[in-house]
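1. Turn this into a structure:
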Amino acid sequence: MPTLNIKPIHKPIKNYYTELAEYAKVGAEHEGAVRTAFQNLLQHYCRQADLILVCEKTHHTPQKRRIRIDGEVVDAFDLPHGHWEAKDTHDDLPTEARKKLEAGYPFKNIIVQSPTRALLYQNGHLRLDIDLTDPSNLINLLNTFFAYREENILDWYAAVEEFKEKVPVLGRGVAKRIETERQDNPSSDKPSRTSIGNAEPLLIRTSPRHRSKRCSSNTFSPSEFSAQSLTIPILPIETSSPKKLRR
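-> Below you'll find the predicted structure:
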């Protein structure tokens, strides 16, 4: 994941404080209004980090309780990298954070934030409690939040990279087997109706749960990952001759 280089002079940081000032001028201090400024900030830096901010995402806890998270930061595999909960200035953040924890919200990497204060919890422990009126504190919060790496997700990416390297090797092995069969059995060049010429393309699956939708309450947990989940089904080769492939 790219390392963020955030500075107080950057436009997204300036825009954050400008938006909050505009809300204050019109007396808009409730959560639904002020959360937009931080949401815009998160979205900007998510794009820089090749991540996606999904708002109002619904999950179910192990106790079957339905929860809706203000913001979940996910990658292209829909794996969660962090969460965000917005509050207004009048909320007591430690109390609100404790309520979220008791309700089953994920606390591996979560920001509980109001316009003037933010709490960052990592691995269930309070990592930062900072005053957001200081831009340097805001930058520290964002850098610490985006720098977090869950061990299982790191293992997942390492496995994906290893798998990518193996695909060309496996492909060359399949091509060699086909060429050997063609040399030993020339009639195999005339594929039957069910031969490899009409078969489906080679399927490469890098996730044990394939979903057409990016957002799902049943998000895949990298802890479920195992080597068996990265497989390449090799299609059989049928010919008009009973001769079997040499191994």
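2. Pro12 contacts Leu41, doesn't it?
-> Yes - with contact defined as CB atoms under 8 Å, Pro12 reaches Leu41; the gap is 5.6 Å. Backbone N, C-alpha and C define where each C-beta goes, glycine included.
3. So these two - more neighbours on which side?
-> Neighbour count, other CB atoms under 10 Å: between Pro12 and Leu41, Leu41 has more, with 20 against 15.
4. in what helix or strand does the nearest residue to Ala86 once chain neighbours are set aside lie?
-> For Ala86, ignoring the flanking residues on the chain, the nearest one in space by CB to CB, 6 or more residues apart in numbering is Arg35 at 3.6 Å. Under DSSP states H and E, the secondary-structure element containing Arg35 is helix 31-48.
5. Can you give me the domain assignment for this structure?
-> 11-149, 152-229 (automatic domain parsing).
6. Could you tell me the least trusted of those domains?
-> Confidence, taken as mean pLDDT, is least for domain 152-229 of these (a mean of 53).
7. Buried residues in stretch 77-93, which are they?
-> Buried residues in stretch 77-93, counting neighbours by 16 or more other CB atoms under 10 Å, are found at Asp78, Leu79, Pro80, His81, Gly82, His83, Trp84, Glu85, Ala86, Lys87, Asp88, Leu93.
8. My error: substitute stretch 57-69 in the last question.
-> Residues of stretch 57-69 classed as buried by neighbour count (16+ other CB under 10 Å): Lys57, His59, Ile69.
9. which strands and helices sit next to whichever strand or helix holds the second one?
-> It stands for His59. Following DSSP H and E, the helix or strand that holds His59 is strand 52-60. Contacting strand 52-60 under the criterion 3 or more CB pairs under 8 Å, 6 or more residues apart in numbering; DSSP states H and E are the following elements: helix 31-48, strand 66-74.
10. what lines up beside the helix or strand just after the last one in the sheet?
-> This points to strand 66-74. Scanning forward in sequence from strand 66-74 by DSSP H and E, the next helix or strand is strand 80-86. Based on DSSP bridges, the pairing partners of strand 80-86 within the sheet are strand 66-74 (antiparallel), strand 109-113 (parallel).
11. who touches the helix or strand following strand 80-86?
-> Per DSSP H and E, the first helix or strand lying C-terminal to strand 80-86 is helix 93-103. If you take CB atoms under 8 Å, 6 or more residues apart in numbering as the criterion, helix 93-103 is touched by 61, 65, 67, 85, 87, 107, 110, 112-114, 117-119, 121, 124.
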